[in-house]
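In: following is a predicted model, sequence given first.
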Amino acid sequence: MTQTPSAAPRAAPPPATDDLGCEMHRLVADLYPICRSITGNGVRESLDLIGRHVPLTVHEVPSGTPVFDWTVPNEWNIRDAYVRNRQGQRVIDFRKSNLHVMSYSLPVRRTVSLEELKAHLHTLPAQPDWIPYRTAYYKEDWGFCVSHRQLAELTEPEYEVCIDATLAPGHLTYGECYLPGASPAEVLVSTHVCHPSLGNDNLSGVALATFLAKQLQAAPRRLSYRFLFIPGTIGAITWLCQREAEVARIQHGLVLSCVGDAGHVHYKRSRRGNATIDRAMDHVLRHSGDAYVVEDFSPFGYDERQYCSPGFDLPVGRLSRTPHGRFPEYHTSADNLDFVRPAALADSLAKCLAVFSILEHDTAYLSRNPKCEPQLGRRGLYRTTGGHQDERVTEIALLWVLNFSDGRHTLLDIAERAGLPFEELRRAAEVLAAHDLIAPAP
Amino acid sequence: MTQTPSAAPRAAPPPATDDLGCEMHRLVADLYPICRSITGNGVRESLDLIGRHVPLTVHEVPSGTPVFDWTVPNEWNIRDAYVRNRQGQRVIDFRKSNLHVMSYSLPVRRTVSLEELKAHLHTLPAQPDWIPYRTAYYKEDWGFCVSHRQLAELTEPEYEVCIDATLAPGHLTYGECYLPGASPAEVLVSTHVCHPSLGNDNLSGVALATFLAKQLQAAPRRLSYRFLFIPGTIGAITWLCQREAEVARIQHGLVLSCVGDAGHVHYKRSRRGNATIDRAMDHVLRHSGDAYVVEDFSPFGYDERQYCSPGFDLPVGRLSRTPHGRFPEYHTSADNLDFVRPAALADSLAKCLAVFSILEHDTAYLSRNPKCEPQLGRRGLYRTTGGHQDERVTEIALLWVLNFSDGRHTLLDIAERAGLPFEELRRAAEVLAAHDLIAPAP
Amino acid sequence: MTQTPSAAPRAAPPPATDDLGCEMHRLVADLYPICRSITGNGVRESLDLIGRHVPLTVHEVPSGTPVFDWTVPNEWNIRDAYVRNRQGQRVIDFRKSNLHVMSYSLPVRRTVSLEELKAHLHTLPAQPDWIPYRTAYYKEDWGFCVSHRQLAELTEPEYEVCIDATLAPGHLTYGECYLPGASPAEVLVSTHVCHPSLGNDNLSGVALATFLAKQLQAAPRRLSYRFLFIPGTIGAITWLCQREAEVARIQHGLVLSCVGDAGHVHYKRSRRGNATIDRAMDHVLRHSGDAYVVEDFSPFGYDERQYCSPGFDLPVGRLSRTPHGRFPEYHTSADNLDFVRPAALADSLAKCLAVFSILEHDTAYLSRNPKCEPQLGRRGLYRTTGGHQDERVTEIALLWVLNFSDGRHTLLDIAERAGLPFEELRRAAEVLAAHDLIAPAP
């Protein structure tokens, strides 16, 4: 914990976020065509693409492995699927959109009556042009998803259906990018990689996690960072079960979900409610000048459900822009590449990096002159307000840090009490430490 | 504390409250003509009527018995009273309304001048048709209460006054209905029985207490319930003094006062302010959909003053509709049978039973799968939302109970955090316990 | 701590504050012409005048004495200063206003060009008729302060400047008035005496402190009171350093600054935020019927900065009317005798005395009848509401004090919970103690 200001590790320098927004969107576009599910080659192919950006370890867990109350399911892979009319035309074609097939559909190849077919078709009557996204992970079934308009065009008495898929013992696959820091204390970033051609849910999360790792990799780190690219629910459960011994290292965590749409940020607090990650996120959002919403924990949502289950109760919150289920495009073909905005991705990235910078530097200090103020004037620190806004060290920040460097207040505590941005206090603390007026509390 | 859901004791099943409202009003009407005071045969007669509905033990405490800083007073009984004019006509007649005589008036029988008579007459000039209710428990005096209009008609120079009463050593009488439960832990319900022909204050409280006891009697109970029918102030002091050894069993308590008028519910918190009874009442009122007011404790009011005196500081709140002193009819002849509404009595009953149901079932549970969520799907609990609204078990409630079954959160804690009705969480807990997913915390 | 109500020490009886307002303003006027600085004869002369009102000990601390991170500076004294034109006329004349010379100016006597002179002149362009107040305590410099209009009149090419001052080893001077009470526990009142002819900042504070001491001196005291008349910053630092062993006695403290203007009261909380002084001041202001503002602690302002530095963290708040820097007249010649109002001084005095009365009497009591209420009626305390408003003992106050005389609630705690004025509860406590119904908690 002894750190001199000159050597103080920093999160990545402020990135040119506009460019990064476009780069992240490019990664979303690269991943978009792949047909992912909670297992199978789509996940492997996706991890392969992610691994071109950051160092990634890919883990394979055999089907049938018990993980707490669950079991790793059989692996599902699909080559092709269609519904053909009498003329042999594909009236529903997996090659046009992988959403057309219900995920985890059993293989099928036969001729069915229109009536039987309809029992296996899913549509969105309220959005007649959109294809819904449906899954059948834990029930034996098959199905197609089509636009309501497409359904209306099916008038022939019989159709040939084909789902050329396999559901058989194999593996559950997940990726992990670990960036060690000076301390083994960890920040967990978790994102699900099990959705097929859907943009905001959750290729936005995948791209954001990838580029966060990329940025952090380039800078010294006090904390260690672990990025998980996992299938939703079963992936988090598998990871927590198999790596339970490592869980104690997690000091802060974020689930990323739906982080690329044009809406403003919604942060969902951890179950603890006032973990440092919760307070850091609240601080960054409060000082961002942007609209935002902070919501209390609830036991439904994405993988925060598992990280915040009572046996773990980890300090893991969830970052979203418009949360899942609150935008009409959610789990439909309209959650496409246009729905994800480079500027939104860039803004999510910048806010996460600002939060990580707080986690890195949220230290308590001890004043070396706790009795009365030290004489700032003879050190050239009196009424010093020069410098660019982002670099400025204000006297007011110096005084706040000095007064509360009592070993019991971290910089985030002081920032909350002073109503000043964390970074302004961090710069003040560096200057004060450089003048030997404060030192990190033991 | 090991309870299986099927055997879980429940408060009374939802009563047909409309009918009960009428039955309670009938009891109010039966009790209304009796001339009660803090001692005497009126109380005995009233307890006799109550005892036809619920098992009642009647206690007699001799006059002169010291009770803390007080002394049980002499017993007062009255046979007749009037003021007669020269023609021998009763111009004020106790037989028309027992409010005409100031309670605890000394016996008197003589002819007095109009001037002397007026010094003993009490009226309400602002409400010229109403007879006020006055008492002289702890001063030696006699008096009549009349409408202001009646007073104006007294023009003769002399009148014959007669109060045929006795004030002599005897007893203070109170009734007690004790319903033992599986646990000796007690719920105290206290109501005063010392007012003569007044409806809302407090025959409404007497009827409500009687019917609460009647309902609870019919169902299994985890908790024991003690209903006190006592004269105000001196009765509570006497009970607390003579039964001090039993006080420690009281875990929750309610004083019932003015619970039958058309106003909305006012709940006054216990001195502790966040006792379970306070939180349960707040919860029931918040989810009732009705207007209500919750007020902080203050050391004036009804017998909560004694239960919440610093030497006892019991978790006893007070339930009223319009509190005493805040409706013009209070302590006048206008607080009559019309002022008490069957529907209001029924609503007060339903709310008390809902609160008692919380007290009965406010248990903390432990999840048997605390690490990650258990797989609800294979137990048929995933997206189960069927059933009638009052019987429905929602997935959201299942998840809240599962996540907070950490032994530190009771169902009421969870209900407050989730913003869901207690009963919804209780049903979820029963289902989860039946599937062996949670168990009561030791 | 055993005190009988009859012998209970009281703060001064309600003063005829109007008269006192005028007397305080007279003291402000007496002190106004003196040229004070952080050291020198102006401070001595001022303390001499204060010492005619209250017993004052004057301390002299030699220049060069180390005090924590600081050093007592050389002593500055000034006899005369002027700027003369070619005709020998004083165009800037210290004898007209001591604000004309920058405090701690080095001695100078020579002829300078207009250009060089201007580099040493300070004006307020936005307020062209006002002379600013400037200091150069910790830098070697000289300067004159003039109205912007005066500056415009300087058109000659050369001027003769003279500052007949000495800056040489000497002493820092401060005054101390100590009023011992029954207990060594102390109330600290600190005010700065280093400003020259400025009225609100801070002759108002000096006059208020003087008259507070005068009032308290006349009455019995449970607490001891220490009034410090010290130069700002360096004076507080010097006192804290030299008297560190005595600091532990300070249980409550107030810095007085700008307490005589027509604005409403602003109270700045101590660093602790809920010290008794903070709560007492809040209580007095809340019940005053006047507009007021209570602000959280911040580490800038007046000498509360030193008393609340982390190594001391004393329960010291600051009382102001319009705080320094928030009125345009601040640190200018417009902060003159007219800017200070007798009525404002009187109001500040009354509020401080009300706060001190709380500090004196904020005792926790124990009821001698904790179980149920005692019978107030037979003691003549039932429905007693007589007396003048300021002397009245209300039944409601009696009941609040009785109910919360559990040894854990002080009278201020009860006042906050009851929403009643402290004095009403104090009178109730005296009556109850006189009837032996409560006694001070051990």
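Out: Nice, I can see it.

In: which residue is nearest the centroid of chain A?
Out: Nearest to the geometric centre of chain A sits A:Leu256, at 1.9 Å (Cα atoms, centre = their mean).

In: next, the buried residues of the lengthiest helix in chain A.
Out: Using DSSP state H, we find that the single longest helix of chain A is helix A:342-361. Neighbour-count burial for helix A:342-361 flags A:342, A:344-361 (criterion: 16 or more other Cβ atoms under 10 Å in any protein chain shown). Placement of C-beta: from N, CA and C, glycine included.

In: re the thing from before, and the residue nearest to the centre of chain A, how far from A:Ala346?
Out: Distance, A:Leu256 to A:Ala346, using Cβ to Cβ, to the nearest Å: 14 Å.

In: which residues pair with the residue nearest to A:Val193 when sequence neighbours are not counted across the strands?
Out: The shortest distance from A:Val193 to any non-neighbouring residue, by Cβ to Cβ, 6 or more residues apart in numbering or on different chains, is to A:Phe229 (4.7 Å). Taking DSSP bridges as the rule, A:Phe229 bridges to A:Gly175, A:Thr191.

In: count of neighbours near A:Phe229?
Out: Residues near A:Phe229, counting by other Cβ atoms under 10 Å in any protein chain shown, number 29.

In: next one: A:Ala29
Out: Residues lying near A:Ala29 (other Cβ under 10 Å) number 14.

In: for the residue nearest to it when sequence neighbours are not counted, helix, strand, or coil?
Out: The shortest distance from A:Ala29 to any residue other than its chain neighbours is 5.7 Å, reached at A:Leu337 (Cβ to Cβ, 6+ apart). Taking DSSP: H, G, I helix; E, B strand; the rest coil as the rule, one finds A:Leu337 in the coil state.

In: now do A:Arg221
Out: Quick answer, by three-state DSSP: A:Arg221 is coil.

In: wait, it sits on A:Ala185?
Out: No: with contact defined as Cβ atoms under 8 Å, A:Arg221 does not count as touching A:Ala185 (10.5 Å).

In: higher neighbour count, these two?
Out: Comparing A:Arg221 with A:Ala185 by other Cβ under 10 Å, the one with more neighbours is A:Arg221, at 20 against 15.

In: tell me the pLDDT at that one?
Out: A:Arg221 carries a pLDDT value of 97.

In: let me see the contact set for the nearest residue to it once chain neighbours are set aside.
Out: Leaving aside its chain neighbours, A:Arg221 sits nearest to A:Gly181 (3.5 Å; criterion: Cβ to Cβ, 6+ apart). Counting by Cβ atoms under 8 Å, 6 or more residues apart in numbering or on different chains, A:Gly181 touches A:Pro9, A:Pro220, A:Arg221, A:Arg222, A:Leu223, A:Ser224, A:Tyr225.

In: how many residues are close by the residue in chain A that chain C sits nearest to?
Out: Residue nearest to chain C within chain A (Cβ to the nearest Cβ): A:Pro370, separated by 3.1 Å. By the measure other Cβ under 10 Å, the count of residues near A:Pro370 is 20.

In: which non-adjacent residue is nearest it?
Out: Counting by Cβ to Cβ, 6+ apart, the residue nearest A:Pro370 is C:Gly311, at 3.1 Å.

In: now do A:Gln217
Out: Once flanking residues are discounted, A:Gln217 sits nearest to A:Leu179: 5.7 Å by Cβ to Cβ, 6+ apart.

In: now the helices for the stretch 1-150 of chain A?
Out: For the stretch 1-150 of chain A, the helices defined by DSSP state H, counting those that start in this stretch occupy A:17-31, A:41-50, A:114-118, A:148-152.

In: residues making contact with the last one?
Out: It stands for helix A:148-152. If you take Cβ under 8 Å, 6+ apart as the criterion, helix A:148-152 is touched by A:Val91, A:Ile92, A:Lys118, A:Leu121, A:Thr123, A:Leu124, A:Pro125, A:Gln127, A:Pro128, A:Asp129.
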